[in-house]
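> Sharing a model that was predicted from the sequence below.
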Amino acid sequence: RRLHQQLRELRASARRRGARERDVTATRLLVLRRKRDVAAAERTRAEALLRSDGERLRHTADGATARRRRDLERLELALAAHDPARTLERGYALVEDPAGELVTSAEQARASGTVELRFHDGRVRAEVEDAAR
């Protein structure tokens, strides 16, 4: 009888222990599932943030590129306005002495005696004659 009682107690103890282990395992499984769900939600949120940041950066870069392009076009126009070739195209000429230095006054031209006139379509050599004033 005593052995039979011990056997029943042992079986009951094993059932209780098994039930406790199943409960602990179920609790651990529940915790792991919740952690998985939180991680999945965080991943989805992070992906959305990355997409949003990527779009914002792309938009910012496109705006900066367009702004730089406009600035370069404006600078190109400013440079073109100061291009000596454009002045020559309007009918002006550059006067240089035989050494290739610019002649900026009648006195320099008289002193040089020979000058070279540079037009938009070529150069012409000229002898300086002193005209009556």
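Sure thing, it's come through.
> So for residue 120, what pLDDT did the model give?
Looking at residue 120, its pLDDT reads 89.
> what's the closest non-adjacent residue to it?
Counting by C-beta to C-beta, 6 or more residues apart in numbering, the nearest residue to residue 120 once its immediate chain neighbours are dropped is residue 88, at 3.8 Å. Just so you know, the C-beta spots here come from the backbone N, C-alpha and C atoms, and that holds for glycine as well.
> list the helices and strands the helix or strand where that neighbour lies packs on?
In this structure, residue 88 is located in helix 84-89 according to DSSP states H and E. Helix 84-89 is packed against no helix or strand, with contacts defined by 3 or more C-beta pairs under 8 Å, 6 or more residues apart in numbering; DSSP states H and E.
> Verify the stated contact: residue 119 with residue 96.
No. The pair residue 119 / residue 96 is not scored as a contact, 12.0 Å apart, by C-beta atoms under 8 Å.
> residue ranges for the strands of this structure, please.
Using DSSP state E, the strands assigned to the chain run over residues 94-96, 114-119, 122-127.
> Give me the contact list for the last one.
Applying C-beta atoms under 8 Å, 6 or more residues apart in numbering, the set of residues contacting strand 122-127 from outside is 113-117.
> Now find how far off-centre it is within its chain.
Computed by C-alpha atoms, centre = their mean, to the nearest Å, the separation of strand 122-127 from the middle of its chain amounts to 50 Å.
> likewise the shortest one?
How far strand 94-96 lies from its chain's middle: 45 Å, per C-alpha atoms, centre = their mean.
> Can you report how many residues lie near the nearest residue in space to residue 103 that is not next to it in sequence?
In this structure, residue 103 finds its nearest non-sequential neighbour in residue 95, 4.2 Å apart by C-beta to C-beta, 6+ apart. Neighbours of residue 95 under the rule other C-beta atoms under 10 Å: 18.
> same check, this time on residue 102
A count of nearby residues for residue 102, using other C-beta under 10 Å, gives 10.
> Residues in a beta bridge with it, which ones?
For residue 102, the beta-bridge assignment (DSSP bridges) gives partners residue 96.
> With that, I have no additional questions.
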